[in-house]
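>>> sharing a model prediction with you, sequence too.
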Amino acid sequence: MKRGILMIILCSIATMIPRIFPFFMPFLSRLPKFVRKCMNLLPVAALGALIFPLALTDFGSSWYAGLGGVALSFIVAYFKAPMIVSIIVALISTTLLLII
Amino acid sequence: MSNGKLAREGIQDGFPIFLGYFSTSLAFGLLCRSSGFNVLESTFISLSNFSGSGQFLMINLFNAGSLMVEIVLSVFFLNTRYMFMASSLSQRLEKPESVWGRLMCGFGTTDEIFTVASFKNRKLEYAYLAGLIFTSYSGWCSGTFIGYIAGTFLPDVIQKAAAITCYAMFASLLGGETRRNMKALLALMISGGVNSFLILIVKLGTGISFLISMLITAVLAAFIYTDEEAGV
């Protein structure tokens, strides 16, 4: 499995270059204002795509179980519940929806 | 705050990620086993790559008999999205000059860690990030190991339900964000809509779809949010 180990190491490098490189590029803080604004909004922009459609398709034909869990944890968090509470709510509701 | 307190806060914030990673990497450990890797190699994959989608892609292509160069290039392109996340995170560091600190943050820039760290409304201390990254990393690596040796013992319904953990974490961040500013819902609709369209209808891979959706939404959001709201 020598070839396997080489593949793992090369993939690790391919993963770490895009992650580590930007931390060593000081000019990033001198980018134009509009670009910095876009970068500040990346986290919010990422959330929707992190949830949809995979939170539904991961559950295949039981997609409503994923949707129910995500929707409930959103609502609970909107009303100021701590994150761990909203995750427990999602775990319970998704499990129940999967059992039904 | 002292470093110990900050690290503890990081560990606390990392706990939901730990749960999500642990359950996902159980599945990864199982996949490695059925693909003919031994337990050391499988754990080494998670230790050295620390990347969900990239590792699954690597194993899938490996099983399909792809050439090594194809596998490595695909993993690279799947991971180009981290360049944008890492750039955004690198500007939030409290002490940007520390080389080891930056190496650690780069190693730990995953979707989940980036998102949780980004929603802290302050400069990020290395002690906090170390707690956050280490907690998440230990969930990812231990899950792979345990998944390899014992994954099949978990009841199917629990394994399936655990898949919701990371999504619930994102939904919870979004809930808090929406309370502060309703425009977050608009961003959600654009980003989730574009990504669903690209994955389900255009049938693009998840890595490239995510990258396109995130960038389109960030640019559109820059027109929707005022400069103060975006913190510029």
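In hand now; what should we look at?
>>> for the residue most central in space within chain B, which non-adjacent residue is spatially closest?
For chain B, the residue sitting closest to the mean C-alpha position, by Cα atoms, centre = their mean, is B:D111 at 2.6 Å. Among residues not flanking B:D111 along the chain, A:L50 sits closest, at 6.0 Å (Cβ to Cβ, 6 or more residues apart in numbering or on different chains). All C-beta spots, glycine's among them, are computed from the backbone N, C-alpha and C.
>>> what's near enough to touch that neighbour?
B:D111, B:T115, B:C166, B:Y167, B:F170, B:F210 (Cβ atoms under 8 Å, 6 or more residues apart in numbering or on different chains).
>>> contacting residues for the fourth one?
Remark: with contacts taken as Cβ under 8 Å, 6+ apart, B:Y167 is in contact with A:L50, A:I51, A:L54, A:A55, A:D58, A:G66, A:G69, A:V70, A:A90.
>>> returning to that earlier point: ok, so of the contacts of A:L50, who is nearest B:M189?
B:F170 (14.7 Å; Cβ to Cβ).
>>> quick check: that closest one touching A:A49?
No: if you go by Cβ atoms under 8 Å, B:F170 and A:A49 don't touch, sitting 9.7 Å apart.
>>> neighbour count for these two, which is higher?
More crowded of B:F170 and A:A49, by other Cβ atoms under 10 Å in any protein chain shown: A:A49, with 31 against 26.
>>> list the buried residues of whichever strand or helix holds that one.
Per DSSP states H and E: A:A49 is located in helix A:33-51. The neighbour-count check on helix A:33-51 (16 or more other Cβ atoms under 10 Å in any protein chain shown) flags A:36-51 as buried.
>>> swap in stretch B:8-23?
Buried residues in stretch B:8-23 (16+ other Cβ under 10 Å): B:9-11, B:13-23.
>>> could you dump these to CSV with pLDDT, secondary structure and distance to B:G29?
Output for these, formatted as CSV (pLDDT from 0 to 100; DSSP: H, G, I helix; E, B strand; the rest coil; distance: Cβ to Cβ, whole Å):
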residue, pLDDT, secondary structure, distance to B:G29
B:E9, 97, helix, 30
B:G10, 97, helix, 25
B:I11, 97, helix, 23
B:D13, 95, helix, 25
B:G14, 96, helix, 20
B:F15, 94, helix, 21
B:P16, 92, helix, 20
B:I17, 93, helix, 18
B:F18, 95, helix, 16
B:L19, 91, helix, 16
B:G20, 88, helix, 15
B:Y21, 92, helix, 12
B:F22, 90, helix, 10
B:S23, 83, helix, 11
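>>> out of those residues, who's nearest chain A?
Relative to chain A, the closest of those is B:P16; by Cβ to the nearest Cβ it sits at 5.3 Å.
>>> so what touches the least confident helix or strand in chain B by mean pLDDT?
Lowest by mean pLDDT, DSSP states H and E among the helices and strands of chain B is helix B:156-162, with a mean of 72. Outside of helix B:156-162, the residues within contact range by Cβ under 8 Å, 6+ apart are A:59, A:62, A:65, A:69, A:91, A:94-95, A:98-99, B:19-20, B:22-23, B:26-27.
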